[in-house]
Each structure stands twice: as structure tokens, then as C-alpha cells.
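Chemist: Mind folding the following:
(2 chains)
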Amino acid sequence: MLVSEIDMITPSSLPECLMQLSKEGRIHRLIAGGTDAAVRMKEGKWRPEIWINIKNLHELRYIEESEDCIYIGPLTTHTDIIHSPLLQRKADVLVDAAREVGATQMQNMGTIGGNIGTASPAGDTLPALYVLGARLELTSLSTKRIIPIEEFILGPGRTVLKENEMITKILIKPQKPNEIGIFQKLGPRKAQSISIVNVAISLTLDQDLKCREGKIAFGSVAPTIIRARKCESMLPLGTLNDELIRNIAKIAWKEVMPITDGRATATYRRDMASALLERGLYRLIRRWNNH
Amino acid sequence: MNTKWVGKRVKRIDGPEKVTGELKYMTDYHFDNMVWGKVLRSEYPHAKINSIDIEAAKNLPGVICVLTHKDIPGFNGFGIVVPDQPVLCSDVVRCTGDAVALVAAETLEIAEQALSLIKVDFEPLEVVADAEYALTDSAPKLHPDGNLHSHVKINNGNIEKAFEEADIIVENTFYSPRQMHAFIETEGGWGVMDDEGFLTIRCPGQYAYRDRMQIARSLAYNPERIRVISSPIGGAFGGKDEITVQIYLALLALHTKGRPVKIHLSREESVIAGIKRHPFKVQMKTAAKKDGTLLANQVKAIGDTGAYASLGGAVIALAIEHSCGPYKIPNVDLEGFCVYTNNGIAGAFRGFGVNQVCMGIETHMDMIAEKLGMDPIELRKKNVYHQGEVSSVGHIVKSSVGTYKTLETAENCDLWKNREKYKSEVSEPWKKRGVSVATSFHGIGMGIGLPDYGAASIELLPDGTFLVGVGCEEIGGGNSTAYAQIAAEMLNCDISNIKIVQGDTQKTLDGGTVTASRSTYTGGRAVAAAAPRMTELLIQTAAEMLNLDSSQIDLKPNHISAHGEIIPYKSIYKYLYDHHQATRVEGHFYLPKEKEEIKGSGGAPHHLYGYLTHVVMVEVDTLTGETEVLRVVSIPDAGRVINPQGLEGQTEGGAVMGIGYTLYEDVLIENGYHKTRNFTDYIIPTIRETPLIETFPVEEPEQSGPFGAKGIGEVVMIPIIAAIMSAIYDATGARICHLPATPERVFNALKDLKKQKVQSSR
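Modeler: Numbering: from 1, shown residues only, chains lettered A, B, ... in the order given. Model prediction:
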């Protein structure tokens, strides 16, 4: 398929978009911010017959809260997330992660729905969504289902999304006042980089720095984002002092199964799973003490 | 000297149009009747070509022509020193950047499609992926004379005896990366041939006249019928010194029936086909006495030039000339090898081999200082050569030498004086800071054996302003502003009355390349040679007009006065025009040279050198191995500074490029194939990796230079490399001798250090 032969249609409403998605006998793909899609088109990897351009479906761009649930529209950009007072208060780890995506230009264009749909093991918002217990609403012309993000992603670039479906809503649990989160990323440089390892942490803390429960999710160290369940189970073992933090961090390398690629070796990635968890917990405690 | 323009913070004359985007680069041009050119590159790093079938490609609708080696009218090769690189390969390909065929088509997409329809029957051959392996008998020969392109040597004194008598010897092996120029504008341009066979090539380059000769050789065409426009350029750094796409454009233009043809490489193609910095392996052994006096240095450097020579031989020669630093070491045994492999192509790049050896000698200076318990600046001050003294390569340095002064300035700068305080102010408990110093130098101009000259023209224009023409291109360094300052100073006029034209064989004289830190010095001297001729022309003409003696004529700012009468320059122009007299003068200049070449050195010594000392502070995250450069102090000796703002542009850009080289950048090639193909994987520093950079110039005027100036364009990125390496050591105790010092390399070194500590405490 030549780029010049690809068509593009721009539906003006969600129903129209779902209608387009339901058309059979052709290869189509959604394009929103284009930060992944345009690159892959250029590389020759994504050459659908038709781009369905949803960038201007403003009805899918929102951040709302009701009845102990935060709803995020899939066309919400990373910049929207960074600037949302609601998310800053009740989903700090997601705000943190959105800040680490590429650089400002990509944060302006890239959408959270796109980051989820691309399902890269290195996707920066994904570990944050994992620790926030995100669920996704998938809609087709005739169906609607809600599934946890863990079940949505099957492998690198592979999801359960059907040809005629799209992500129409992201649901996350708002953090309680005694919950605090952090996102840590190690890339080859500070900006414009793809994660070598990343980790999202969200903890529920008591006054005396005892952790009641916590969630930890790593990116770039397995075919999908993975939760570090063993580390999580050790979080409530005592006051989160330097020694406990070091001990928990040491477990992390056992929970990950990374590969070697151009960015780093598997051994380094394993070491960095521990290092980022340690650094993240230190920084998180410092942040907790400071507010 | 009291000056009006020289030495002042004059804003760049090309600044506004570049900042606003108004300036058109060659690759920005589009024409309604334009066609697109594309280059078919090799599929294999090393292979025999059995046949090339272009039929299907030619028959694709929209294709205008498909060319192979058979369509080259002249010599099928290019290369600045040895033309060993085929324009289009006929029998063998030696790297994946090799060109096999050219296409011109109505659209870029059709041209790309046509490439995929060209069937080349390749027979893959063994790939030579390592320079040391290339030198063994078992490696296949990539060129008729084998894989050793050049071998240079400098010997002085008695190295064995010196090592025996030494109190202290340090010995290490250093590996340096294959850095990419990473200019924003990738290689490209356009070519067109008119009805009368006049060929115009607009293509960013660093020496329009030489590019023209290389085009003419391949086309077997009268060079006078070729015009090359090579300026302005969206960055080059040495990467456009060699031919890039000029010959392809010329060949295609022969077949497009007068329609302009454009080629603009994608970033990926630029990575694969463009030249890179030579990766080196440097083994170094340095000896000193207890009092810190350097006794001996032994160096063996192997540079991987990839498939073709380009300027590889000169790079190795310059590396060896500079491998002992700006010091006087009486006993040296220095040896360099430039080796062919199938790893892309390496060539000219800012620093030109000195980067790779500076990291060795400067690391050794710090190791010696530490072992002797000496201050690293004291050790350096003790060993530097001064003007009139004998350098390590054995020649008397007659030109100005500022190293000692730069070291004194370093010693007294805030960062160095208060380093212990700054080092204690870490931002997080697991981070460690280090502060280090390093110094280096860099030859200016071509060295012995190569003609080196400058030329400039000044033309009086109808409106009474001046057009200054200099061959040297404006590659972004700001030489155009320096030329304008020198012209305005000497013509006693406002700088707004000076227009500059550069890099155009039709409008400028041959004044040599924009390389070797030479363009301010050489071009500036040429302008300074032309300017008195213009003032003479103005005065003589005014005298003639007024029927006075020339001694009665005064040259005032922007006009001439005589007997209370004011004569504007446009009247002088009109007079000259009406009388059919020349309005243009020329200035020529020959670069001072040393008289005797050091035998076997391949071009050493240079007559002039620029000097520079860096002080840096880094912070290392010991949990991850990430290194951040927090502060840089750059102390150049550029002779008299023509434009402090321009100098800061160089020191800041150079520092960031040096940071990239030391911490991030490497074009990875595995078995001949590139692994880092664009800026997703090839990591260059961004503004977030850019530290506070201070510049404190030490002005040691050079008598031969324009207003006392020397060159500085390359050394600005060199000592910082060694300084960062040593600062990492100062912070953590880990020595990284293999660059780039990526987080992974630093982390592993810290891990090894911990293991050693555990073992030694047992």
C-alpha cells in the first residue's frame, strides 16, 4: 500500500465512527494524535486502506468524576492529563507518567487512548493505569463491554480489541487522601526517550509511614506491563524506612523477565527494576513527608 | 587596538532570517516542474554484484530515468584524498551506504517504487566488522592494496630508556564511539542543466570549488560550465566536507531534459550513507618522574574508516600529532593505523581525530596527578609547552600558545576554587558529584603538504554599500558575521553597509574549505587583504573625480571627504561605472606553514594551534548510573576574539556536542548493518541535558591572524570529553574508558567497584 493510496475519513460523531468501524471487507485503522500511527505508516508497518481520523471527536475528550469513579475520554491528551486539577489530586501517578511521555510536542498530540491501544511494553501511561486499577469501555456499533486493563493487553502491540471496536472510556479509581503515587522512568536521556525501564507505585499510607497496601507495576521488563506482586506483599511488613525499601527493591529483579535490545541489556534492565523501585519509594516517602 | 566592530558583541547578520525561518535552505526549494531523485543503496555490507536489471523500474509510469555505473560519462569514483568510493558500484559493494543506481521520477513515491523494482543480483561476501580483524591475514581484502589505508608514526628520544627510568607509569586502552554529525538538514539539494549545457548544483557543502572538480571528474565535463552553490547549510560539522549527493544530482540532471531534480535524504538514509566520526581503539602508556615531569608517551591508535578513505588518513595523522596533548614530552613512540572495514564510512568531523586521543592523555594526566598527590592543574602547568618551546612531536612552536593562561584561569574560576562546596550540595542522598579539569589543543589549517590559502573579493555596489565575497561557506558557525565585522572595521563603515556572499563558484573566489578550524582565520585574513585595496580604490577615484592628490582625501565613516566636500560612495560607484572601471578588488592570502614535515607523520606539525581548558561538574545517580553534567566552564585561547557572542555560540555548542559524545552517542553497527537508524535510538543531548556553560576567553593574540585571531571551531568540544570522564571518577571512583559512558556502563563499573571492595575487605 502506498501512502498516496491511503484514504482518510473523518467521522463527526461517535455513532458515525462506530458505523465506519463496522464496515467489513476493508482494512481500516483509527488515527488520533498520530504520534505512533504516522511513524509506523512512514516505516511501512501500518498501511491501512483507510485511516479513520478521530482527532476531532471532541465528545471523547474529557476528564470527569462521579460516584467514586474517574472517567477519562480516550482522546484526552497527555497535556490535558498533566493540567487536570482533578487528576493531580486523585491520580497523581498518572499525571507523573503523562509528564514523562516523549516531550511537550508529543504530549500535546498524543492521546491516552492511543497510548493504551498501541500497547507498547514501554508505554509510559500504562503502569500508572495498572496501579490505578483502570478499566476500559470498549464499544462497537452493537456491543459495549468493560474490562480491566490487565486483560486488555495480550502482548507487545496486541490487544483484545476487535476490528469493529474502539476504546470509548477509561475508568479509574480515585486515590484516597492517604494514597500517594509516583512514576519513575529510566530512559537514555531526560526528554524524548523511550523507557528502558519504568515503574508506577501507588501506596496507601498510615501516619507512621506504615503501608497498608500498595501496588507496583513495571514497564519495559516483560512482554506486557507487569505487577510486582511479591514486592507489593512485602510493603505492609513494617515502617517504610531505608532498610525495608532496600529489601523490597532487591526482590524486584526476580519479578521481571526483560530482554536485551538496542537500548539496554536484560541484566541491566533487571538491576534497574530494583533501582527504580528503590529510588521511587525514597522519593515517594519524601513527597509524603513534605505535604 | 581601538576597534569599532572587531571584538564587539555584534549580532549575527544571518540571525533574523534563520530564527524566523525566512531563510530558504537548498532542500527547502521546490519548483513546479521539479522531479525527484532517489538513490538505490546496497542490501549487503559486502557483496559481489553479478548483475543489475533496471528494465522493470524504467517501465514504471512516472519514471524519467534509471541510471547505473554504465551511465557515468567520466570517472566512477570520488574522495577528497583518494577517490576510492564508487559513484555507483559496478562490481562490489563494501557497505550498506554504497550507491548502486539512481532514479528520477515525477514523485518521490514513484521514485521509491522504482528503486524496489531494480533487481540487483548480489553475492554476499564475508563482512569485515572489526578494524583489528581487518588487519589480520585471514580478513578479506576490501581494496586492492589491502585493508590498511594509512600508517603514520612519530618517534622522538628513547622510549625504552624513559620507561626504565620512570617513577610512575600508567597504561590503559580507550574506546571511542562512532559519532554522527546529526545536522538538522540531511544531505540534499538540487541540480538543473539549461539548454546550453550549463549545470547548476545547489547542494550544501563545505568547499564548492572542490565539489565542482569532483563533479566535473565524474561527468567528464568542463568545470567552468558547472556552478556549485554550497551555502547556506543546515549544519555540517565536517559531515558535508566530502561529496554527499552532488554527483548524483549532476548525473540525473543530464537526463531530466532541463527539469530541476531534487534529492533529499531521509534521516535513515543519511545515517547509513553519510560519513561518521572514526571509532578508535587507543592504547596508551605514559611515564612521569616523581616530581610530575612527563617522561614518555607511547600510543597505538587504530581508527575504523569504514569502506572508504574519505579523509581517514588525515584524521589518523592529526590524532597522532595531538596524541600527547599540549605538553612537552621528550620521549614518544606514536603510531596510528587507518583501517578499512565494512562499517559504513567515516570521515571528517569536528575535532578530526583529536577527541579520540585527548581522552587518553588527559585521563593519564589525572591518574598521574592522583598517584603523585599533585594538583591536576599544577601537573599540567608544569608540563605544557610555551611559545618558542619544543612540543612532544619535536617542533618548535612559533605561534601563540595560551594553555598556561587557560589553566590559570581554570584554577581561579568559581567552580574550581569552590569545588568541594559544590560537590557536597548533592540533590539526593544517593547521588554523587565530581569536578574535573582537562585541556587540549587543535591545529588550525591544513598542515604541511597541502596548499592552504584564502581569498576574498570586495565589490562596491551602486548604492554605495559593499559586497564581500568569501568562498568559505556559512555552515552555521557565524563566519559571515566575522567577515562583515572585519570588512566594516577596515573600510571604516557601518556593518549594515556590508553584504556577504559565500559558497558560490560564480560569485566567490576559491578560498579553501570550511574545515580545520580555519575559516575565521583564513577568510578573515583574506578580507583584511582585500579591504586596503578597496579603500585605495575609493581614495584614488575620489582624487581623480576632484582633481586632487590622494593625500588630500580623507576616508570618513561611510563616505569620503576632501576640502570640506562630502563624496558618498554611490557617487564613486557612478563615476567608476561611467568610466568603465572595475568596482571590485580581490585579496589573497597564503597560510603560514612550518618548513619541515615530521617524517612519517602524514602532515605534522601545524604552524598554528587553538587551545582550550574545560572545567566540569557532574552528578552521578549511583542507583541507575545516569550522569548529568551540571556545569561547564570553557576557557578558550582563540587569539583575539572577533565576536565574543560568536565565540560563546561555539563554546556552548561544542560543550553540548562533547557531552553527547561522552555520555550518549554511538552509531551502533553489527556485522555491517546499522542498529541505530534515526533519532529514536541515536541519542543526542536536548536542552534538558544542557548545563550552565560559562565562557572565559584567554586572548593570546596571534600576530599572523586577522586582528590577532586564531581558530576555535573544533577544540571547543574536545577537553570536555576527558573532563567528564574524570569527573565521573571523582564522583564515584569508577573509571570509564569506553565511551559513551551510558548509564549501563557507569552502573556496571560501580557494580564492579563494589565487588572489588567486598573482595579486598575479605
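Chemist: how about the strands of the stretch 151-291 of chain A, start to end?
Modeler: Taking DSSP state E, counting those that start in this stretch as the criterion, the stretch 151-291 of chain A contains strands spanning A:153-155, A:158-159, A:166-172, A:179-186, A:197-205, A:211-219, A:226-227.
Chemist: Can the fourth one be said to contact chain B?
Modeler: Right, strand A:179-186. Yes. Contact between strand A:179-186 and chain B is present through A:L186 (criterion: Cβ under 8 Å from any Cβ of the partner chain). Bear in mind the C-beta positions are built from the backbone N, C-alpha and C, glycine included.
Chemist: Figure out which of the strands of the stretch 151-291 of chain A is closest to B:L252.
Modeler: Closest of the strands of the stretch 151-291 of chain A to B:L252 is strand A:158-159, at 44.0 Å (criterion: Cβ to Cβ).
Chemist: what's next to the closest one, contact-wise?
Modeler: Defining contact as Cβ atoms under 8 Å, 6 or more residues apart in numbering or on different chains, one finds that strand A:158-159 is touched by A:G117, A:A119, A:F152, A:I153.
Chemist: Can you pull out the low-pLDDT segments for the stretch 251-400 of chain B?
Modeler: For the stretch 251-400 of chain B, applying pLDDT under 70 flags no range at all.
Chemist: Contacts for the helix or strand where A:M41 lies, please.
Modeler: With elements taken from DSSP states H and E, the one containing A:M41 is helix A:37-43. In this structure, residues lying in contact with helix A:37-43 by Cβ under 8 Å, 6+ apart are A:V3, A:I6, A:R29, A:I31, A:W46, A:R47, A:W51, A:G114.
Chemist: Looking at those, which one is closest to B:W190?
Modeler: In terms of Cβ to Cβ, no member of these lies closer to B:W190 than A:V3, at 22.5 Å.
Chemist: Which residues are in contact with that closest one?
Modeler: Taking Cβ under 8 Å, 6+ apart as the definition of contact, the neighbours of A:V3 are A:M41, A:K42, A:R47, B:E109.
Chemist: Can you tell me which of the residues you listed are buried?
Modeler: Buried subset of these (neighbour count, 16 or more other Cβ atoms under 10 Å in any protein chain shown): A:M41, A:R47, B:E109.
Chemist: Apart from its chain neighbours, what residue comes closest to the second one?
Modeler: Pointing back at A:R47 there. In this structure, A:R47 finds its nearest non-sequential neighbour in A:M1, 3.6 Å apart by Cβ to Cβ, 6 or more residues apart in numbering or on different chains.
Chemist: quick one: the one you found and A:E49 touch, right?
Modeler: Yes. Shown here, A:M1 and A:E49 form a contact pair, counting by Cβ atoms under 8 Å, at 6.9 Å.
Chemist: quick one on the thing from earlier: which among the contacts of helix A:37-43 count as buried?
Modeler: Of the members of those, the ones counted as buried by neighbours, 16+ other Cβ under 10 Å, are A:I6, A:R29, A:I31, A:W46, A:R47, A:W51, A:G114.
Chemist: quick one: which of those residues sit in helices?
Modeler: Residues of these located in helices (DSSP state H): A:G114.
Chemist: Would you reformat the buried ones among the contacts of helix A:37-43 as TSV and include distance to B:A734 and pLDDT?
Modeler: Rendered in TSV, the data for the buried ones among the contacts of helix A:37-43 read as follows (distance: Cβ to Cβ, whole Å; pLDDT from 0 to 100):
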residue	distance to B:A734	pLDDT
A:I6	51	97
A:R29	48	96
A:I31	46	97
A:W46	43	95
A:R47	47	96
A:W51	50	98
A:G114	40	97
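Chemist: which among the buried ones among the contacts of helix A:37-43 gets closest to chain B?
Modeler: Distances from the buried ones among the contacts of helix A:37-43 to chain B were compared by Cβ to the nearest Cβ; the smallest belongs to A:I6, at 11.4 Å.
Chemist: hang on, the earlier thing: pick the most deeply packed of the strands of the stretch 151-291 of chain A.
Modeler: Per residue and on average, the most neighbours among these fall to strand A:197-205, with a mean of 27 (mean count of other Cβ atoms under 10 Å in any protein chain shown).
Chemist: Next one: that strand, is it in contact with chain B?
Modeler: No. No part of strand A:197-205 sits close enough to chain B to count as contact by Cβ under 8 Å from any Cβ; the gap is at least 9.0 Å.
Chemist: what angle separates that strand from strand A:179-186?
Modeler: Using axes from the mean of the first three to the mean of the last three Cα atoms, to 10 degrees, the interaxial angle of strand A:197-205 with respect to strand A:179-186 works out to 170 degrees.
Chemist: Direction included, what does strand A:197-205 pair against?
Modeler: Here strand A:197-205 is paired, per DSSP bridges, with strand A:179-186 (antiparallel), strand A:211-219 (antiparallel).
Chemist: Which of those strands sits closest to B:F174?
Modeler: Distances from B:F174 to each of these were compared using Cβ to Cβ; the minimum, 26.5 Å, belongs to strand A:179-186.
Chemist: any idea how far the helix or strand containing B:K48 is from the chain center?
Modeler: For B:K48, the host element (DSSP H and E) is strand B:47-53. A distance of 36 Å separates the C-alpha centroid of strand B:47-53 from that of its chain, computed with Cα atoms, centre = their mean, to the nearest Å.
Chemist: Which neighbouring elements make contact with that strand?
Modeler: For strand B:47-53, the elements it packs on are strand B:92-93, strand B:99-105, strand B:119-124, judged by 3 or more Cβ pairs under 8 Å, 6 or more residues apart in numbering or on different chains; DSSP states H and E.
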